[in-house]
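Enquirer: turn this into a model:
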Amino acid sequence: MSHPVLHEKKSSAFWITINRPDKRNAINQEVIDGIREGYRLAHADPEVRAIVLTAAGEKAFCAGGDLQPGKGFAFDYATPNIAYADLLRQAQNATLPTIARINGTCMAGGMGLLCMADMAVAADHALFGLPEVKVGVFPMQVLSLLQNLVPQRVLREWCITGEPFDARTAQAHGLLNYVVPAADLDEKTLWLLNRLTDKSPTAIRRGKYAMHAMAAMSFEQGIAYTESQIALLALTEDAKEGLAAFNEKRKPVWTGR
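Expert: Here you go, the predicted structure:
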């Protein structure tokens with residue numbers, strides 16, 4: 001029996017691959033658990049500098065929640081938190097940079113997986129959408145991330161009509177960094193990875209933490225917070241190494257401390 005989520009360390013990147021291509025890589029509890037475990041494993045390994053979240057096959061990245069009879073819309077009303085929401089919380093608190101490699105259709109809950117990544121590269125044949133209204137619900141949890149990524153007029157159209165849109169439209173409205181032919185998807189993903197993994201892991205870690213903290217701050221709160229953060233960063237080994245390497249005209253050797 002194949003695992004619903006695969007984990008693989010490739011050089012300094014940790015790849016998390018949804019592995020249910022026969023189910024269009026739909027989300028169930030095992031998929032949520034597998035992605036969460038992947039995030040945990042990646043953060044526990046000091047050699048890992050970035051995470052890639054993707055899926056098996058070329059047809060679908062993730063078609064959303066598994067809606068098979070008896071499995072769709074199954075909630076434990078005695079539990080205040082939902083497993084999918086906990087996954088989004090974990091991803092929001094991640095200190096490793098994450099790239100979503102969108103290999104195909106990305107719908108509903110799959111859009112949440114896309115949005116929880118820092119950057120995204122998609123194959124040009126991929127379709128996107130929030131079709132929840134077509135089955136009588138609404139993209140509630142996905143909204144918590146989407147509302148900060150795309151313009152309100154666009155977001156309302158996507159949510160209320162439920163109609164799909166293509167990769168170029170997704171890119172035009174800020175959901176994707178790059179759109180490439182399917183044959184070039186791996187090359188572009190690795191190109192972007194290489195632009196992350198040679199940088200200071202300390203700076204990225206503390207920077208991501210600061211970006212998350214500042215999301216709910218006013219300008220005055222944010223500027224005061226960052227005044228102290230830049231001073232703390234200057235005390236790290238990576239900052240001292242970066243300055244020394246710059247002055248010595250050599251590549252820095254990061255310790256991640």
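Enquirer: for the rest of this, base every contact and every neighbour count on C-alpha atoms.
Expert: Will do.
Enquirer: any weak-confidence spans in this protein?
Expert: Scanning the chain for pLDDT under 70 picks out 1, 69-81.
Enquirer: for the residue nearest the centre of it, which non-adjacent residue is closest in space?
Expert: Nearest to the geometric centre of the chain sits Ala117, at 1.5 Å (C-alpha atoms, centre = their mean). Closest residue in space to Ala117, ignoring its immediate chain neighbours: Thr98 at 5.0 Å, by C-alpha to C-alpha, 6 or more residues apart in numbering.
Enquirer: isn't that neighbour up against Ile51?
Expert: Yes - because the distance of 4.6 Å satisfies C-alpha atoms under 8 Å, Thr98 is recorded as touching Ile51.
Enquirer: what about the helices in the stretch 101-250 of the chain?
Expert: Ranges of helices within the stretch 101-250 of the chain are 109-115, 140-146, 152-161, 167-172, 185-197, 201-214, 219-233, 237-247, based on DSSP state H, counting those that start in this stretch.
Enquirer: do you know which of those lies nearest Gly256?
Expert: helix 201-214 (4.9 Å; C-alpha to C-alpha).
Enquirer: what residues does the closest one touch?
Expert: Helix 201-214 is contacted from outside by 49, 92-97, 222, 226, 229, 233, 236, 238-239, 254, 256-257, using C-alpha atoms under 8 Å, 6 or more residues apart in numbering.
Enquirer: could you give the bridge partners of the closest residue to Tyr178 other than its chain neighbours?
Expert: Using C-alpha to C-alpha, 6+ apart and skipping residues adjacent in sequence, the residue nearest Tyr178 is Val121, 4.8 Å away. Beta bridges link Val121 to Arg101, Tyr178, judged by DSSP bridges.
Enquirer: contacts only, for Val121.
Expert: Taking C-alpha under 8 Å, 6+ apart, we find Val121 in contact with 99-102, 176-180, 185, 188-189.
Enquirer: what is the neighbour count of Ala91?
Expert: Ala91 has 22 neighbouring residues, counting by other C-alpha atoms under 10 Å.
Enquirer: cool, the one 10 residues further on as well?
Expert: Residue neighbour count, defined by other C-alpha under 10 Å, stands at 26 for Arg101.
Enquirer: and the one 4 residues further on, by the same measure?
Expert: Residues near Thr105, counting by other C-alpha under 10 Å, number 26.
Enquirer: so it sits right up against Ala123, yeah?
Expert: No - with contact taken as C-alpha under 8 Å, Thr105 and Ala123 are classed as non-touching, separated by 9.5 Å.
Enquirer: touching, Gly256 and Asp238? I think so.
Expert: Yes - the pair Gly256 / Asp238 is scored as a contact, 6.3 Å apart, by C-alpha under 8 Å.
Enquirer: so what sits against both of those two?
Expert: Here Gly256 and Asp238 have 200, 202 as joint contacts, going by C-alpha under 8 Å, 6+ apart.
Enquirer: looking at these two, which one has more neighbours?
Expert: Neighbour totals were compared for Gly256 and Asp238, and Asp238 leads with 22 against 18 (other C-alpha under 10 Å).
Enquirer: quick one: the more buried one from Lys199, how far?
Expert: Distance, Asp238 to Lys199, using C-alpha to C-alpha, to the nearest Å: 10 Å.
Enquirer: equivalent analysis for Val180, please.
Expert: According to C-alpha to C-alpha, Val180 and Lys199 sit 25 Å apart.
Enquirer: what does Asp118 give?
Expert: To Lys199, Asp118 is 15 Å away according to C-alpha to C-alpha.
Enquirer: could you do Ala244 as well?
Expert: Ala244 sits 15 Å away from Lys199, taking C-alpha to C-alpha as the criterion.
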